[in-house]
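Peer 1: My questions are about this predicted structure, shown below with the sequence.
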Amino acid sequence: MPLVAGVDSSTQSCKVVVRDAETGALVRQGRAPHPPGTEVDPHAWWEALRAAVAEAGGLADVAAVSVGGQQHGMVCLDASGEVVRPALLWNDTRSADAARELVEEAGGGETGRRFWAEATGAVPVASFTATKLRWLARHEPDNAGRVAAVCLPHDWLTWRLAGAPGLDALRTDRGDASGTGYWSPRTGEYRLDLLERAFGRRPKVPVVLGPAEAAGHLDPAVFGDGAAAGPVLLGPGTGDNAAAALGAGAGPGDVVVSIGTSGTVFAVADTPAADPSGAVAGFADATGRFLPLVCTLNAARVLDAAATLLGVDLDRLGELALSAPPGADGLVLVPYLEGERTPDRPHATGTLHGLTLGTSTPAHLARATVEGMLCGLADGLDALIAQGARADRIILVGGGARSAAVRRIAPQVFGRPVVVPPPGEYVADGAARQAAWVALGGDTPPAWSVGDTEEYGDEAVPAIRERYARAREQVLDRAA
Ligand SMILES: Nc1ncnc2c1ncn2[C@@H]1O[C@H](COP(=O)(O)OP(=O)(O)O)[C@@H](O)[C@H]1O
Ligand SMILES: O=C(CO)[C@@H](O)[C@H](O)COP(=O)(O)O
């Protein structure tokens, strides 16, 4: 019974699962928190990974390990392999002007957006690595001058697991490469000309591996026990959304809605997407196919913020939300607490509309919070369907899917039923499934069962989205 491990190094925490490679049965798991903020020293992820691996009982008995990680984060290394500055994460909006510049320089407006969508599958927004590199070149020229290689969070962690064996050993996969802004999912090639356009020159970038291609071996010295039963293969890893698709077993006709720090709506597709509106990012997936995806910056943490505001825990927030009527008697929260990426409003703030004496209750605010967060994702679902996604089945995952209120209210907002797999760590599971694929070989990942899903099918309440659509046009930007 070979074992494999999967890592989810996401925004808020690192999770590790150890599973049976053939059946997928869960054997052990661990987790450790990440620091807050949108700029993080990658060494903190490394320490969290080590702590989560230790809690999961170590890796000495596994055949392979893969890392799924938050997408887009800019990890810059100098010639000796040291980190140049803290990583700028996917939800750091300081490069919004850089994103705008890159579109302008490509002809601006529809022309500029179409250029990027066709060249890289996606129109640049502040999340993408290319825009962060432009920001670095403009604002920190000394740091920019020291950059010898640029990679993503999961690439860096995989490289560290290999013992950090020199910059030429950096590896990535199609899924994560597709979120950089300088790799084309359509051709499967880097666009180093676009990297140079963004940054002014061409630092080293990781080699892009195929879906089940090994990135090397775990350095036995990394965990200090040197006691591995045999060489531990390193999988290519991938971005956390591509890993979640693999973990949740998403197939043709499925749309996954993930409610974590980010809210994402994505589908596995056979052809690459190129949406010049910028709503849908035409990423690649972890199986050799494609992953058209919409991402919002405001998801589970909007629930956290409302719970803090009301002085309750998340369970109580959910109870309060379910105790108010659908539509919250007209109270609408536009949840742009971190600015927003889709729609592209990096400087926007959240807004509460429809306050009356009657709606000024904790229950109404809780309901408006859940509905507002879900409305942003419902707009994403529309955009994905407009790009050709089938949406026969909507699968709800991520930390926010643990909320009964989110599960019950989602069909009312989405206008369709949702299926919810058992609570779990689907990014780490997807990474583990990829590791099993690398260890066992074959043309497709091993067939693991997700377990029994629950279906939620409350009737649609169109008025929720109609009122939200008016409210979301009336928000203030952050005070200067
Ligand atoms: N019972 C719950 N009800 C509502 N939200 C929950 C619950 N448990 C966890 N969460 C949410 O899950 C979020 C973390 O989700 P997760 O998918 O692990 O995030 P990430 O992968 O971005 O680090 C937290 O912000 C928290 O709000
Ligand atoms: O930027 C994106 C997708 O394009 C985000 O989905 C990040 O990949 C972070 O994910 P979580 O930590 O929220 O899972």
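Peer 2: Okay, I see it. All of these numbers come straight from a predicted model, not from anything done at the bench. Ligands and ions are numbered 1, 2, ... in the order given.
Peer 1: show me the contacts for A63.
Peer 2: The neighbours of A63, taking Cβ atoms under 8 Å, 6 or more residues apart in numbering as the test, are P2, L3, V4, A21, G230, V232, L233, A435, A439. (C-beta placed from N, C-alpha, C; glycine too.)
Peer 1: Same check on D392?
Peer 2: Applying Cβ under 8 Å, 6+ apart to D392 gives the contacts G253, D254.
Peer 1: and after the helix ranked longest in the chain, which helix or strand comes next?
Peer 2: In the chain, with assignment by DSSP state H, the single longest helix is helix 362-386. Per DSSP states H and E, the first helix or strand lying C-terminal to helix 362-386 is strand 393-397.
Peer 1: what does that following strand rub up against?
Peer 2: 244, 247-248, 250, 253-259, 381, 406-407, 410, 414, 416-421, 424, 426, 453.
Peer 1: Paired strands for the one helix or strand D8 maps to, with orientation please.
Peer 2: Element membership for D8, per DSSP H and E: strand 3-9. When sheet partners are counted by DSSP bridges, strand 3-9 sits next to strand 13-20 (antiparallel), strand 62-69 (parallel).
Peer 1: Which one, of these, ends up nearest to L89?
Peer 2: strand 62-69 (10.8 Å; Cβ to Cβ).
Peer 1: Can I get the closest one as PDB, trimmed to CA atoms?
Peer 2: Extracted C-alpha coordinates of strand 62-69, given in PDB (Å, rounded to 0.1, in the frame of the first residue of the first chain):
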ATOM      1  CA  VAL A  62       5.500   8.200   1.300                       C
ATOM      2  CA  ALA A  63       6.300   7.400  -2.300                       C
ATOM      3  CA  ALA A  64       5.600  10.900  -3.600                       C
ATOM      4  CA  VAL A  65       4.600  14.400  -2.600                       C
ATOM      5  CA  SER A  66       3.100  17.300  -4.600                       C
ATOM      6  CA  VAL A  67       2.500  20.900  -3.600                       C
ATOM      7  CA  GLY A  68      -0.600  22.900  -4.500                       C
ATOM      8  CA  GLY A  69      -0.200  26.600  -3.800                       C
END
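Peer 1: and it, what's its mean pLDDT?
Peer 2: Across strand 62-69, pLDDT averages out at 98.
Peer 1: Also stretch 145-152?
Peer 2: 98.
Peer 1: Identify each buried residue in that stretch, please.
Peer 2: Neighbour-count burial for stretch 145-152 flags R146, V147, A149, V150, C151, L152 (criterion: 16 or more other Cβ atoms under 10 Å).
Peer 1: Report the secondary structure state of G282.
Peer 2: Taken by DSSP: H, G, I helix; E, B strand; the rest coil, the conformation at G282 corresponds to strand.
Peer 1: wait, isn't it in contact with V294?
Peer 2: No - using Cβ atoms under 8 Å, G282 makes no contact with V294, being 11.0 Å away.
Peer 1: distance of A5 from ligand 1?
Peer 2: Distance of A5 to ligand 1, computed by Cβ to the nearest ligand atom, to the nearest Å: 17 Å.
Peer 1: Would you enumerate the residues in contact with the closest residue to ligand 1 within the stretch 101-250 of the chain?
Peer 2: In the stretch 101-250 of the chain, no residue comes nearer to ligand 1 than D240, which is 6.5 Å away by Cβ to the nearest ligand atom. Applying Cβ under 8 Å, 6+ apart to D240 gives the contacts D8, S9, S10, G68, G69, Q70, Q71, G260, V427.
Peer 1: And for the helix or strand hosting T308, what's in contact with it?
Peer 2: Counting by DSSP H and E, the element that carries T308 is helix 300-310. Residues outside helix 300-310 that contact it (Cβ under 8 Å, 6+ apart): 259-261, 263, 313-314, 316-317, 320, 333, 335, 337-338, 350, 362, 365-366, 369-370, 372-373, 398-400, 403, 406.
Peer 1: Would you mind giving me the PyMOL syntax to select the buried ones in those?
Peer 2: Restricted to buried positions by 16+ other Cβ under 10 Å, the PyMOL selection for the contacts of helix 300-310 reads:
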select buried, resi 259+260+261+263+314+317+320+333+335+337+338+350+362+365+366+369+370+372+373+398+399+400+403+406
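Peer 1: filter the contacts of helix 300-310 by proximity to ligand 1?
Peer 2: Within the set of the contacts of helix 300-310, contact with ligand 1 (Cβ under 6 Å from any ligand atom) is found for G260, T261, L314, G398, G399, G400, S403.
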